[in-house]
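Q: my questions are about this predicted structure, shown below with the sequence.
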Amino acid sequence: MKFQIKRLLSQILIFFSANLGALGLKTGFCYPFFYCNSCPAATSACPLRAIEQSVYKNSLNWRLLLYPILILGFFGVTSGRAICGWGCPIGLLQRGTGKIARKLKKYPSIEKLGQHQIEPYLRYIKYFLLIGVVILTSYLIGFMFTDICPIGVLTGTIPTLILYPGKFVPGYYFLAAIVIFVLFLILIFTIERGWCRYFCPIGAILAPFNKISILHISLAPKEKIDKECLHCNACSNACPMGIDVCNMNRDPECILCGKCINICPKNLIKYER
Amino acid sequence: MKKILTIQISALIIVSGSLGGMLIFTDVYEDVHSGIVSVLCLSCLKLEPITKIDFTFETAYGDPHPMFVLENLTHGVIFLHYSEDACLGCDIMYPIIQDLFNITFGKEDMVNEIVNLKGSDIAFFYTNINHASDKMKKSFPIYDKDHISGLPMFAIITLGYDNGIIRPYYTTLYGTLGLDNDKDRSIYLTELIQESIDIYNQNKEGYSPN
């Protein structure tokens, strides 16, 4: 329990750090998580915005393309997707909505949503979004994911409208973005960490790093599992990403939140370097 | 075990070495700071500022007008066009401005030309924030009248009478001007520039850049 409070504190601290622009701190870094530079208090750039700008309409700016990937790569190599579980403000939001999503699971139709047989394949959507809508459409026709991004609506558009009432009117893709934002809300209230599981393009960049990250979650040796595991499935039930923890090996979906570690009655799961 | 450790160390050295090298030897940090973080793409915000055409003598943050503006005001009205590489609003406005002034230029160019609109000379400056010189980048916040810090942005600078002194008098427009089609945008800009030229002609005799 104490451990999860530490994680909550880390998320809150990073949320405030991401918003130090309110005090005038504007840097030239990219966030290593999903946050919008159009947020009035943003300190850094959205990595997706940098990637889109680097390839916009048949251009190719190698430096701007590599820069956010290297920043994400640094966090990825050291700690895999831990930044999703310990730092991302959208992860913090979904930590709150996840509790509601869990309660809604008692309704069979909602429970089925997250357990349908095609569910594992839906997790590939985020890779298609990254390659298709962030890179390819930006490069080929100039249509950018950030123009319709629901996180942009949440952290940029809505705060701007609240802070400066009467100063702005809807822009070109406003309606489309609002529709997607409403779908995003429905998603995160019905499926725990639904955005991270299926749609987050930044998660798609970080996910492969789980395979080689220095910090990762590992299970006890097979002999010990065979001998001591109660097969209570508490670890998988606790996992916000819906991973089959007992059978995982450096799963790309793991956000290193540590809930499985906390809940295992036999202490068979641990962080490892 | 040894294999994964080798991969981890190699990946960490490559990633941190490349990132460190980029930060030390390239301008990427400054490019992201000035081109993404400090200046917003209004299309990303999915909003546009409400267009207000009120002219003012006061610069956005009280800074003095840049020298190139003061000098060019001796010849006529000045039109400043600020844009960036990846921005839907910039892409919409870019051809409208080219048609309006009958001028052709590349999106990444820096343009400083005297153009003609209905018989009057206008000093036209096109600035792509992602490729501009420091001088032009610094002029952007000076004319950010409504403190929007968003692109595209247009400033029309003329001369006005202020308590016995003829001074630069300007207005700033943002985004796609709050209008739905190119024709309306073009008419709107033409009328506003014409009004600026009329004000300029009334006041030019008393102006001195110093």
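A: Cool, the structure landed.
Q: tell me the centre residue of the chain?
A: Using chain A here. Nearest to the geometric centre of chain A sits A:C196, at 4.1 Å (Cα atoms, centre = their mean).
Q: was after chain B, sorry
A: Central residue of chain B (Cα atoms, centre = their mean): B:Y82, at 2.1 Å.
Q: coming back round to it: for the residue nearest to the centre of chain A, give me the pLDDT.
A: We have a pLDDT of 95 for A:C196.
Q: was I right to think it contacts A:L93?
A: No: using Cβ atoms under 8 Å, A:C196 is not in contact with A:L93; the gap is 10.6 Å. (Glycine included, C-beta is placed from N, CA and C.)
Q: where are the low-confidence patches of chain A?
A: Along chain A, the parts satisfying pLDDT under 70 run over A:1, A:114.
Q: most distant residue from the middle of it?
A: Largest centroid distance in chain A under Cα atoms, centre = their mean is A:K227 at 35.2 Å.
Q: only alpha carbons, please: show whichever strand or helix holds that residue as PDB.
A: In the assignment (DSSP states H and E), A:K227 maps to helix A:222-228. Extracted in PDB, the C-alpha atoms of helix A:222-228 (Å, rounded to 0.1, in the frame of the first residue of the first chain):
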ATOM      1  CA  LYS A 222       9.900 -21.500 -12.800                       C
ATOM      2  CA  GLU A 223      10.600 -24.200 -10.100                       C
ATOM      3  CA  LYS A 224       9.700 -21.800  -7.400                       C
ATOM      4  CA  ILE A 225       6.500 -20.700  -9.200                       C
ATOM      5  CA  ASP A 226       5.500 -24.300  -9.700                       C
ATOM      6  CA  LYS A 227       6.100 -25.100  -6.100                       C
ATOM      7  CA  GLU A 228       4.700 -22.000  -4.400                       C
END
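Q: near chain B, anything from that helix?
A: No: Helix A:222-228 does not reach chain B (Cβ under 8 Å from any Cβ of the partner chain); its nearest approach is 15.3 Å.
Q: okay, now the closest residue to A:P32 other than its chain neighbours: neighbour count?
A: Excluding its sequence neighbours, the residue lying closest to A:P32 (Cβ to Cβ, 6 or more residues apart in numbering or on different chains) is A:F75, at 4.5 Å. Other residues lying near A:F75 total 21 when counted by other Cβ atoms under 10 Å in any protein chain shown.
Q: contacting residues for the closest residue to the residue nearest to the centre of chain B other than its chain neighbours?
A: Sequence neighbours aside, B:M153 is the residue nearest to B:Y82 in space, at 4.4 Å (criterion: Cβ to Cβ, 6+ apart). By Cβ atoms under 8 Å, 6 or more residues apart in numbering or on different chains, the contact set of B:M153 is B:L80, B:Y82, B:F140, B:Y143, B:D144, B:T172, B:L173, B:Y174.
Q: which of those sit farthest apart?
A: Greatest spatial distance among these (Cβ to Cβ): B:F140 and B:L173, at 13.9 Å.
Q: shouldn't the residue nearest to A:P32 be in contact with A:C30?
A: No: if you go by Cβ under 8 Å, A:F75 and A:C30 don't touch, sitting 10.9 Å apart.
Q: B:D85 contacts A:E52, correct?
A: No: shown here, B:D85 and A:E52 do not form a contact pair, counting by Cβ under 8 Å, at 9.7 Å.
Q: which one of the two has more residues nearby?
A: When B:D85 and A:E52 are compared for neighbours, A:E52 comes out ahead with 28 against 22, by other Cβ under 10 Å.
Q: residues near B:I122, how many?
A: Neighbours around B:I122, by other Cβ under 10 Å: 23.
Q: no, scratch that, I was asking about A:C39
A: For A:C39, using other Cβ under 10 Å, the count is 25.
Q: likewise for A:S17?
A: Neighbour count of A:S17, defined by other Cβ under 10 Å: 14.
Q: wait, it sits on A:T43?
A: Yes: between A:S17 and A:T43 there is a contact at 7.2 Å, judged by Cβ under 8 Å.
Q: domains for the chain, by residue range?
A: All of this is about chain A. Per automatic domain parsing, the domain ranges recorded for chain A read A:2-213, A:215-273.
Q: let me rephrase: I mean chain B.
A: With domains defined by automatic domain parsing, chain B comprises B:2-37, B:42-206.
Q: mean confidence for the first one?
A: Along domain B:2-37, the predicted local confidence has a mean pLDDT of 94.
Q: pull out the buried positions in it.
A: B:8, B:11-12, B:15, B:18-19, B:22-23, B:28, B:31-37 (16 or more other Cβ atoms under 10 Å in any protein chain shown).
Q: picking that back up, closest to chain A out of the contacts of B:M153?
A: Distance ranking of the contacts of B:M153 against chain A, using Cβ to the nearest Cβ, places B:Y174 first at 9.6 Å.
Q: where in chain B is pLDDT low?
A: B:1.
Q: which residues of it fall in helices?
A: Ranges of helices in chain B, per DSSP state H, are B:2-25, B:28-32, B:42-45, B:67-72, B:88-101, B:134-142, B:182-203.
Q: any idea how far the third one is from the chain center?
A: The one in question is helix B:42-45. 15 Å (Cα atoms, centre = their mean, to the nearest Å).
Q: elements contacting that helix?
A: When contacts are defined as 3 or more Cβ pairs under 8 Å, 6 or more residues apart in numbering or on different chains; DSSP states H and E, helix B:42-45 sits against helix B:88-101, strand B:150-151.
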